[in-house]
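Asker: this is the structure alone, sequence omitted:
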């Protein structure tokens, strides 16, 4: 224990340089524990309470142990104090050094005539006054400049203030482009850049006409909804050019943080304004056209809901004083024209959807794709690949083959890629051979593009029993959906196959019940549901299918199989069926009719209530198909089934009203 005491007192003495040498010598020569403890306690700079505790201990060894504990604590405290003092002294020294160097730089700058120390702050004040901001905003920014002038040059707060002022002053305050509201100019621009889309163009021209008559009208929020590749973003850019507005595009796909819309508080490290303010600053105008792409793909998590943050941005009653969290000053967004794009409205929150005017862009027909390829895509790809316009000729047959067998889409992106492949193959031939002209036809297009990726959907060539052509539509267009029914002797088992959704399975059961109620009228054994096993199958079982509009196709296929009457192979049908045999309206008629025409169908049976939708069908498609509107399944049977001459079709005397089509349809919609 004596050795421990000697070591502790030696370390303690080193931390106290003013300790007399005689005290250290006496301690090192002492051998009596009691005397050593008393001497150290008496001659050390200890607290009164510590000395009192040593004095109260009568046992020498315990007294010495108590002194050792006190020395350990004092050594730790003194070492910590000295470390803190050293750091403070070093920091103060660095600050003094920086200050001296800064003053020297200022003196040298003054001697060289390179400006005074207040030049930066005077520049900020001048820029703030030149922006013609509201009085309250101007006072706040000038106050921030004064705060910046009082901060040390390299301090963290000075850096935050400097970045903030630079961001605010980079905004195009008071800068607006003169809007061009000529309807004819806009019409020519839209017609030059886009083929078809007449309803979309008409609505946009109406908007421009209103702006011409009432320049102060609040901006309408337009949302273009359609499948990928139909020109939503490009038509937005054409609108900006037609109206002489600066344009800024920001993609909202996958955005899940509210701060991406409203910005971060500037106290955070790496803070920045939201995407709306950043887009306006990038456009260089306070009245740009902002294209908000993929608004249907907004997400949300624990950091907030960006869709809710957009409500204030898009509300014409509130956005005249929009406050970004980073800027903390009101920004007028009422002069900004917002144009949204989306693939579907199903995932857009209802409050956000209510603030928009939805304009649907339908998928292109094959004829429209042909015109787009000839007038836009092929010349563009020739130019991109360095091919002279007359050096490469792609005839109409080749283009139709590319559209039908190498692409399957609603838009034209894949078509443009395939035409790019053709041009690259031609460029390779021009570069490696002496050929001067290349002509691509339907016969030789396969040698350039390889084996076709898709086969044509073709209906059966003969009338079959229990097989009906239904109609379905997906995001890449419409197609026929064959319905197959097999009837076997059994015990009344109903088998449904083909990856069917819940709604489609219910349609099969509704079709069965519809026929059971009227079995005697239709010439079906009244106990068929007990004595026959029925199998309803939809081919391509890997593709999910759902929706109610295959009802009349299922009912017709069941009746055909149960009565052994064939169904016309050139007829396709779509419509929901009720238990009373009423045919209900459906959706996607435009796409379904295009799919029917591609498959070689000549007659399309559709609900009577969808007759009004025939005007939306492309005139070329409408001219090549015969449409039969029906109200009951009896009219469907009369049109689709091949009846013997002696067997007239049964009629439905009573028709009860039903509900309109509902439900959400995933991958394959029928």
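Answerer: Looks like it arrived, so ask away. Source: prediction; values computed, not measured.

Asker: so what touches stretch 195-215?
Answerer: Identification of contacts with stretch 195-215 by Cβ atoms under 8 Å, 6 or more residues apart in numbering yields 179, 181-183, 186-187, 190-191, 194, 217, 220, 222, 224, 231, 235, 239, 242-243, 357, 359, 361, 364, 368, 371-372, 375-376. For the C-beta atoms, the positions are set from N, CA and C on the backbone; glycine is no exception.

Asker: tell me the buried residues within those.
Answerer: Among the contacts of stretch 195-215, the ones that count as buried by 16 or more other Cβ atoms under 10 Å are 181, 186-187, 190, 194, 220, 222, 224, 231, 235, 239, 242-243, 359, 361, 364, 368, 372, 376.

Asker: picking that back up, among the contacts of stretch 195-215, which are in helices?
Answerer: 183, 186, 187, 190, 191, 235, 239, 242, 368, 371, 372 (DSSP state H).

Asker: which one of these sits closest to residue 309?
Answerer: Nearest to residue 309 among the ones in helices among the contacts of stretch 195-215, counting by Cβ to Cβ, is residue 239 at 24.8 Å.

Asker: tell me the confidence at the residue nearest to the closest one when sequence neighbours are not counted?
Answerer: Spatial nearest neighbour of residue 239, chain neighbours left out: residue 204 (5.9 Å); criterion: Cβ to Cβ, 6 or more residues apart in numbering. Predicted confidence (pLDDT) at residue 204: the value is 83.

Asker: the helix or strand where residue 204 lies: which residues count as buried?
Answerer: Assigned by DSSP states H and E, residue 204 belongs to helix 198-213. The neighbour-count check on helix 198-213 (16+ other Cβ under 10 Å) flags 200, 201, 204, 205, 207, 208, 211 as buried.

Asker: any chance of a markdown table for the ones in helices among the contacts of stretch 195-215, columns pLDDT and distance to residue 327?
Answerer: Formatted as a markdown table, those follow (pLDDT from 0 to 100; distance: Cβ to Cβ, whole Å):
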| residue | pLDDT | distance to residue 327 |
| --- | --- | --- |
| 183 | 86 | 37 |
| 186 | 85 | 33 |
| 187 | 87 | 39 |
| 190 | 86 | 35 |
| 191 | 85 | 41 |
| 235 | 84 | 32 |
| 239 | 83 | 28 |
| 242 | 82 | 31 |
| 368 | 85 | 45 |
| 371 | 90 | 47 |
| 372 | 90 | 43 |
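
Asker: next, the most centrally placed residue in the chain: secondary structure please.
Answerer: Centroid-nearest residue in the chain, with Cα atoms, centre = their mean: residue 253, separated by 2.0 Å. Taken by DSSP: H, G, I helix; E, B strand; the rest coil, the conformation at residue 253 corresponds to coil.

Asker: so how far is residue 297 from it?
Answerer: Distance, residue 253 to residue 297, using Cβ to Cβ, to the nearest Å: 4 Å.

Asker: cool, residue 53 as well?
Answerer: 73 Å.

Asker: also residue 356?
Answerer: Counting by Cβ to Cβ, the gap from residue 356 to residue 297 is 15 Å.

Asker: those two: who's more crowded?
Answerer: Neighbours per residue, other Cβ atoms under 10 Å: of residue 356 and residue 297, the larger number sits with residue 356, 21 against 16.

Asker: pretty sure that one contacts residue 314?
Answerer: Yes - with contacts counted by Cβ atoms under 8 Å, residue 356 reaches residue 314, the gap being 7.3 Å.

Asker: so residue 605 lies in a helix, does it not?
Answerer: No - under three-state DSSP, residue 605 falls outside any helix and is assigned strand.

Asker: run a quick neighbour tally on it.
Answerer: Using other Cβ under 10 Å, residue 605 is surrounded by 24 other residues.

Asker: can you check the one 10 residues further on too?
Answerer: Burial of residue 615, expressed as a neighbour count using other Cβ under 10 Å, amounts to 8.

Asker: got it, and residue 63?
Answerer: 20.

Asker: ok, the one 3 residues further on next?
Answerer: The tally of other residues near residue 66 (other Cβ under 10 Å) stands at 18.

Asker: need the pLDDT of it.
Answerer: 76.

Asker: same check, this time on residue 154
Answerer: 66.

Asker: next: residue 503.
Answerer: 93.

Asker: report how many residues lie close to it.
Answerer: 20.

Asker: list the buried residues in the host helix or strand of it.
Answerer: Taking DSSP H and E as the criterion, residue 503 maps to helix 502-517. By neighbour count on 16+ other Cβ under 10 Å, the buried set for helix 502-517 is 503, 504, 507, 508, 510, 511, 512, 514, 515.

Asker: for residue 549, state which of those is nearest.
Answerer: residue 507 (8.2 Å).

Asker: who's in contact with the closest one?
Answerer: 548, 550, 551, 554, 576, 577.

Asker: so residue 581 makes contact with residue 518?
Answerer: Yes - at 7.2 Å, residue 581 and residue 518 qualify as touching, with contact defined as Cβ under 8 Å.

Asker: compare those two (neighbour count), which wins?
Answerer: Each of residue 581 and residue 518 has its neighbours counted (other Cβ under 10 Å); residue 581 has more, 24 against 16.

Asker: just the pLDDT for the more buried one.
Answerer: According to the model, residue 581 carries a pLDDT of 91.

Asker: one more: residue 575?
Answerer: 94.

Asker: give me the distance between it and residue 587.
Answerer: Taken as Cβ to Cβ, the span from residue 575 to residue 587 is 11 Å.

Asker: identify the contacts common to these two.
Answerer: residue 549.

Asker: between the two, who's got more neighbours?
Answerer: residue 575 (30 against 17).

Asker: quick one, phi/psi of that one?
Answerer: Here is the backbone geometry of residue 575 (degrees, to the nearest 10): phi 160, psi 150.

Asker: for it, give me its contacts.
Answerer: 549, 551-552, 583-586, 605-607, 610, 630, 636.

Asker: cutoff 10 Å now
Answerer: Listed by Cβ atoms under 10 Å, 6 or more residues apart in numbering, the contact set of residue 575 reads 470-471, 548-553, 555, 582-586, 605-610, 629-631, 633, 636, 661.
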